[in-house]
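Engineer: Here is a sequence together with a model predicted from it:
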Amino acid sequence: SAAEKDGFDWFMRKEIFEQPDAVAASLLSRHTATGALQLDEVRISEDDLREVDKIIVIACGTSFYAGLVAKYAIEHWTRIPCEVELASEFRYRDPILTRDTLVVAISQSGETADTLMAIRYARAQRAKVLAICNSNGSTIPRESDAVIYTHAGPEIGVASTKGYLTQLIACYLLGLYLAQVRGTRFGDEIAMIVRELETMPQHIQTVLDNAEEVYALAREYVDATSVLFLGRHAGYPVALEGALKLKELAYIHAEGFAAGELKHGPIALIEDGLPVFCVVPPRGRDQLHDKMISGIQEIKARGATAICLAEDDDDEITPYADRLIRLPKVSTLLQPLLSVVPLQLFACELATLRGHDVDQPRNLAKSVTVE
Ligand code: G6P
């Protein structure tokens, strides 16, 4: 009923707007006043965590894309090699697992069969399994050695939104905790990132306050037959997630690419008027921002419309952007928490305009309990 949806038309839209609270709840009580991480629920000893020599993240769907972001953060902060794998592929390729492998299973529902089978396999090979999960007492955390619960609250919409954002938070916390335990980062540095994480709910709110701008874009592209998404670094998985949302909800052909890969194939798809979302990396010491701009020039030269998501004070992007969605300025690794939000809103609105059932997209289920 509308009452349960707090006046929103869809659970999904309500859940998108709950994201500031969901993120805040998932950060709560997980660090001391000085910013040191305390993850009491991680029942793997600090000694064992110091022995970990490889991390494999396994998940499906949107949770897999959270895992792809996690890789960038975890490897950067901990220097532990981190792979990310689709749960359905994992056990069929004879993966290399030892007691020093940490398998991180990400699942909103905790009931996804592909992910469950993968962790059973990993534990049989003596790897340690840590679950990141939003459903208390569900099967995957029960069968894991440790769990970090996300506190998104129940997610009803089939397409994951607040589940995804809180998974990202749990991944960041895990990465920082490992860095703390292993001493790969100074305490001050960890505390600084934790402080930045604490500012994210208000930044997500700022992005949500501009929803009308995104809805106008959805009206403009309501008849699109194909939409592309480009990103780099941590923005690459965001491009994949943006495309997935559009496929799931609006049934439109959509694909995400790493912007640097354009010239190796996808650029052949560019034609006049094709909308291309570009998740522009923050300006920093690396050259990612400049390289993104050259990618945008390439697609525009071939007639595409560049819809850029870029940070507030990024003036360099302005002449290249046909449409511009502004994001609060945050560090590169945390930007996915903001850049994904307009893409969620876009898919939700466009599917609504096309008359689809956003909460129950055709052919999909909230939790897939068969392999
Ligand atoms: C289903 C849902 C997706 C979800 C995936 C993984 O396919 O439709 O939205 O991302 O399962 O779900 P999980 O509960 O394991 O995160």
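Structural biologist: Noted; the coordinates are in hand. This structure is a prediction, so every number in the text was calculated from the model and none was measured. Residues are numbered from 1 along each chain as shown.
Engineer: how about the residue nearest to residue 246 when sequence neighbours are not counted, what does it touch?
Structural biologist: Nearest residue to residue 246, sequence neighbours excluded (CB to CB, 6 or more residues apart in numbering): residue 254, at 3.9 Å. Every C-beta, even on glycine, is put in place using the N, C-alpha and C of the backbone. By CB atoms under 8 Å, 6 or more residues apart in numbering, the residues touching residue 254 are 226-229, 242-244, 246-247.
Engineer: do you know how far residue 254 is from the ligand?
Structural biologist: 15 Å (CB to the nearest ligand atom, to the nearest Å).
Engineer: my guess is that residue is in a strand, correct?
Structural biologist: Yes. Checked against DSSP: H, G, I helix; E, B strand; the rest coil, residue 254 lies within a strand.
Engineer: confidence score at it?
Structural biologist: What the model reports as pLDDT for residue 254 is 97.
Engineer: Same check on residue 3?
Structural biologist: In this model, residue 3 carries a pLDDT of 63.
Engineer: ok, back up a step: in ChimeraX, how would I select the buried members of the contacts of residue 254?
Structural biologist: Those of these that count as buried under 16 or more other CB atoms under 10 Å are selected in ChimeraX with:
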select :227,228,229,242,243,244,246,247
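Engineer: Among the contacts of residue 254, which lie within strands?
Structural biologist: Applying DSSP state E to the contacts of residue 254, the entries found in strands are 226-229.
Engineer: measure the residue nearest to residue 246 to residue 156 for me?
Structural biologist: 23 Å (CB to CB, to the nearest Å).
Engineer: Show me what residue of the chain gets nearest to the ligand.
Structural biologist: Closest contact between the chain and the ligand, by CB to the nearest ligand atom, is at residue 61 (2.7 Å).
Engineer: these two touch, right, that residue and residue 247?
Structural biologist: No. With contact defined as CB atoms under 8 Å, residue 61 does not reach residue 247; the gap is 11.0 Å.
Engineer: Return the helix or strand hosting residue 67 as PDB; C-alpha atoms alone will do.
Structural biologist: Take DSSP states H and E as the rule and residue 67 turns out to sit in helix 61-78. C-alpha atoms of helix 61-78 as PDB (Å, rounded to 0.1, in the frame of the first residue of the first chain):
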ATOM      1  CA  GLY A  61      24.300  -9.100  -9.600                       C
ATOM      2  CA  THR A  62      24.500  -5.800  -7.900                       C
ATOM      3  CA  SER A  63      26.400  -7.300  -5.000                       C
ATOM      4  CA  PHE A  64      29.100  -8.400  -7.500                       C
ATOM      5  CA  TYR A  65      29.400  -4.700  -8.500                       C
ATOM      6  CA  ALA A  66      29.900  -3.700  -4.900                       C
ATOM      7  CA  GLY A  67      32.700  -6.300  -4.900                       C
ATOM      8  CA  LEU A  68      34.300  -4.700  -7.900                       C
ATOM      9  CA  VAL A  69      34.500  -1.400  -6.000                       C
ATOM     10  CA  ALA A  70      35.800  -3.200  -2.900                       C
ATOM     11  CA  LYS A  71      38.800  -4.500  -4.900                       C
ATOM     12  CA  TYR A  72      40.000  -1.000  -5.600                       C
ATOM     13  CA  ALA A  73      39.800   0.000  -1.900                       C
ATOM     14  CA  ILE A  74      41.000  -3.200  -0.300                       C
ATOM     15  CA  GLU A  75      44.100  -3.600  -2.400                       C
ATOM     16  CA  HIS A  76      45.000   0.100  -2.100                       C
ATOM     17  CA  TRP A  77      44.600   0.100   1.700                       C
ATOM     18  CA  THR A  78      45.900  -3.300   2.600                       C
END
